[in-house]
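In: After the sequence you'll find the predicted model.
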Amino acid sequence: MDFAQLDKDYGHFYAPVFEIEVEGRNLIREGMIISGVTVDQSLDEADHFSFTIDHAFDAIAGDMKWMDLFLPATKRLTIRMGYAGKLKLMLVGMVTSMTVKFPASGAPQLEVSGLDLSNKLMQKKEPRSWNNMKHSDVVAALAAEYRLKSAVEDTKVPYPKITKDAGKNDFQLIQSFAQKNYFEFFVFGDTLTFRAPALDSAPVVKLEWHKTLISFQPELNFAGQVEEVEVRGWDPKAKKEIVGTARVGDEAGKQSHSKEKSGGELISSSSSEKISENARYPVFSQQEADQLARSILNQHAEGLIKGSAESIGIPDIQPGKRIELDGLGKRFSKAYYIEKSTHTIGGSGYTTTFHVKENAL
């Protein structure tokens, strides 16, 4: 989306506001004085929130106010952020921690923090197993079990048996599925998403350095790049080795319309020997071995460019989306994939910091 359209939608980014509700009760309307709120969103871990309630002590009653509103901890909390007239959903979650501050001077504060609804998947650690299912089948079944809506893409590879070891929770299990398939997994609102990265999606906004982009710091990393990945396993029925292979050119979402090169292509001319990775896994089929090899190659490739940036507060900047950055020269003026964002509204206004990645230069 053009920045001018966002500027219009959000009232020229004047008057940043937020709204926090617990089971439908608006905290500001309840009388709370909230001095600041932060929402951290990520593709690698559960989204996190925190906010601070000022003047949280009732001097007449001689006790803390508001704490009972957040109990029991299973209550649903919703955070929206934006500008006067337009708010965007940022997180639906649960309170996991409350900290009371009794300072040497000044009024006590109550700090409230928590996680999105994926917190539900972190509780059970007993061993489990599923027979003749795909990873995506298990994910969809878990979403239903935890009463979450689901947006699950087909992983296509069936497994004779899928097991979860004791000590591992269901959140960690789905994370391991995502790594094996080069998928991403996150819970936003009340929907569990398990999908291939949306690397070809349209950028949510275009930001220009010195205008709408405050800062950007990209880092190029060639050390982890490879030209080829081989995954080797054993087929006990056919009594033969299974070899899955992925090579330069198999990277997902590379902006092939340009003259950009992947990390594997950039290092191919630096050595007379091919830089490759060989791994052994208990794979059950050729299809599984090939898919795992592609996933490993893509995990290496996406580390070519990592960057951190800051802009004015823009609620639309969220992980799993692309953003276009301009005014950075021919190498770095391009679209990037957002992997993490932090939205903060406080005394200095509304700011957004975000982290991006790219697999071609």
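Out: Thanks, I have it.

In: Run through the residues that contact L220.
Out: Contact partners of L220, counting by CB atoms under 8 Å, 6 or more residues apart in numbering, are L304, I305, L361. All C-beta spots, glycine's among them, are computed from the backbone N, C-alpha and C.

In: meant to ask about N298
Out: With contacts defined as CB under 8 Å, 6+ apart, N298 is in contact with Y182, D250, E251, A252, N359.

In: please redo it, this time with the cut-off set to 7 Å
Out: Residues near N298 by CB atoms under 7 Å, 6 or more residues apart in numbering: Y182, E251, A252.

In: For these, give me CSV that also has neighbour count, secondary structure and pLDDT.
Out: CSV is the format used below for the contacts of N298 (neighbours: other CB atoms under 10 Å; DSSP: H, G, I helix; E, B strand; the rest coil; pLDDT from 0 to 100):
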residue, neighbour count, secondary structure, pLDDT
Y182, 19, coil, 97
E251, 23, coil, 92
A252, 16, coil, 89
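
In: can you put those in CSV and add distance to T193?
Out: Output for these, formatted as CSV (distance: CB to CB, whole Å):
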residue, distance to T193
Y182, 15
E251, 22
A252, 17
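
In: Out of the contacts of L220, the closest to D290 would be?
Out: Using CB to CB, L304 is the member of the contacts of L220 that lies nearest D290, at 22.4 Å.

In: residues in contact with the closest residue in space to that closest one that isn't next to it in sequence?
Out: Using CB to CB, 6 or more residues apart in numbering and skipping the chain neighbours, the partner closest in space to L304 is G263 (4.0 Å). Going by CB under 7 Å, 6+ apart, G263 touches F222, Q225, H300, A301, L304, N359.

In: pLDDT at D63, what is it?
Out: On pLDDT, D63 comes in at 91.

In: Return the closest of the contacts of G263 with respect to E30.
Out: Checking the contacts of G263 one by one against E30 (CB to CB), the nearest turns out to be N359, at 47.1 Å.

In: And for the nearest residue to the closest one once chain neighbours are set aside, the neighbour number?
Out: Spatially, and ignoring its direct neighbours in sequence, N359 is nearest to A301 (4.1 Å; CB to CB, 6+ apart). Counted with other CB atoms under 10 Å, the neighbours of A301 add up to 27.

In: Quick check: A301 vs Y337, distance?
Out: Distance of A301 to Y337, given as CB to CB, to the nearest Å: 12 Å.

In: How about M81?
Out: Distance from M81 to Y337, by CB to CB: 22 Å.

In: Same question for G327.
Out: 19 Å.

In: Looking at these two, which has the bigger crowd around it?
Out: Neighbours were counted for G327 and for Y337 using other CB under 10 Å; Y337 has more, 24 against 14.

In: Before we go further, the more buried one is sitting in a helix, right?
Out: No. Counting by DSSP: H, G, I helix; E, B strand; the rest coil, Y337 is not part of a helix but strand.

In: for it, which residues make a bridge with it?
Out: For Y337, the beta-bridge partners under DSSP bridges are R322, K357.
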